[in-house]
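>>> curious how this folds, go ahead:
(one chain, ligands or ions: 1)
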Amino acid sequence: MMHAHIAVGMAAKRIAPRVSLGTLIFAGIFADLLLSVLLLAGVEHLRIAPGFTAVVPMDLYDYPYSHGLLHSMVWSILLGVGYFAWKRDVRGSIVVALVAASHWVFDFISHIPDLPLAPGYGARYGLGLWEHYAATHIVEGALFIGGFALYLKTTRPLDRIGRYALAGLFTALCVMMMGSLAGSVPPSATVMAFTTLLQLLLVALAAWGDRHREMRVPA
Ligand SMILES: [Zn+2]
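Numbering: from 1, shown residues only. Purely as a prediction, here's the structure:
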């Protein structure tokens, strides 16, 4: 649900105008970035399994620290607190924490029952949208377009960077969505982790473009 997580960050700009779009998107995808780091560190594990769900070819059997409900809430609060320590912006820090926390909610809707509540707790949850190819892409595509449109409605470019960085972000996300539509399968968990970490480039692109845009209605 990467596009959904990014869409939440983009939509959140409207209620947290002082927070960079890069920060909001970072908060939205934080759990997946953390999963990648913990996969590479050998702390969490997944198995590439083509056909495991209709959309995502992965068996996510061990990822309680990045995607367990308990840790998701802890990370969200820490991100909010960290943002407050950095910017002294109460509203912004609350929104950053909420965007990060929304990751679990959207994953809960999309994942098959593989999300744990806490490490060592056996039961796993997920409503399983990923079992439905068309529904997943319709929902995710609608959220992506909606979030992006809301951001464009909320801000306007100050210069060409403000326009083209956002066009670049949109293009990159469309290419990634086409990869998902085509059912691309990463060759290994390690490759998947590194590919996910490349999303930090999108964060940087969003932050750069956002700095060259202003609110259409002053906050
Ligand atoms: Zn996730």
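>>> what's near enough to touch residue 216?
By Cβ atoms under 8 Å, 6 or more residues apart in numbering, the contact set of residue 216 is 153-156. All C-beta atoms are positioned from the backbone trio N, CA, C, and that covers glycine.
>>> okay, and which of those map to strands?
In strands, defined here by DSSP state E, the members of these are 155-156.
>>> for the contacts of residue 216, give me JSON lines that also has distance to the ion, pLDDT and neighbour count.
Below are those laid out as JSON lines (distance: Cβ to the ion, whole Å; pLDDT from 0 to 100; neighbours: other Cβ atoms under 10 Å):
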{"residue": "153", "distance to the ion": "27", "pLDDT": "96", "neighbour count": "12"}
{"residue": "154", "distance to the ion": "25", "pLDDT": "97", "neighbour count": "19"}
{"residue": "155", "distance to the ion": "26", "pLDDT": "97", "neighbour count": "23"}
{"residue": "156", "distance to the ion": "32", "pLDDT": "97", "neighbour count": "12"}
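>>> helix, strand or coil for the residue minimising distance to the centre of the chain?
The centroid of the chain falls nearest to residue 29 when counting by Cα atoms, centre = their mean (2.8 Å). Going by DSSP: H, G, I helix; E, B strand; the rest coil, the secondary structure assigned to residue 29 is helix.
>>> distance of it from the ion?
Separation of residue 29 from the ion (Cβ to the ion, to the nearest Å): 8 Å.
>>> likewise residue 166?
Residue 166 is 24 Å from the ion, by Cβ to the ion.
>>> thought that residue was touching residue 149?
No - if you go by Cβ atoms under 8 Å, residue 166 and residue 149 don't touch, sitting 11.5 Å apart.
>>> all strands for this protein, in order.
Going by DSSP E, the chain shows strands at 45-48, 58-62, 115-116, 124-125, 155-157, 213-215.
>>> that older thread, more neighbours: which of residue 166 and residue 149?
residue 166 (24 against 13; other Cβ atoms under 10 Å).
>>> any idea how far residue 58 is from the closest residue to residue 32 other than its chain neighbours?
Closest residue to residue 32 apart from its sequence neighbours, by Cβ to Cβ, 6 or more residues apart in numbering: residue 196 at 5.5 Å. Distance, residue 196 to residue 58, by Cβ to Cβ, to the nearest Å: 11 Å.
>>> please apply the same query to residue 147.
24 Å.
>>> near the ion, which residues of the chain?
31-32, 107 (Cβ under 5 Å from the ion).
>>> residue 147 and residue 58: which is more packed in?
More crowded of residue 147 and residue 58, by other Cβ under 10 Å: residue 147, with 23 against 20.
>>> residue contacts, the more buried one?
Counting by Cβ under 8 Å, 6+ apart, residue 147 makes contact with 6-11.
>>> what's the closest of the residues you listed to residue 39?
Closest approach to residue 39 among the contacts of residue 147 (Cβ to Cβ): residue 6, at 20.4 Å.
>>> hmm, residue 144 and that closest one touching each other?
Yes - counting by Cβ under 8 Å, residue 144 is a contact partner of residue 6 at 7.1 Å.
>>> mutual contacts of the two, please.
Going by Cβ under 8 Å, 6+ apart, residues that sit against residue 6 and also against residue 144 are residue 173.
>>> who's more crowded, the two?
Per other Cβ under 10 Å, whichever of residue 6 and residue 144 has more neighbours is residue 6, with 26 against 23.
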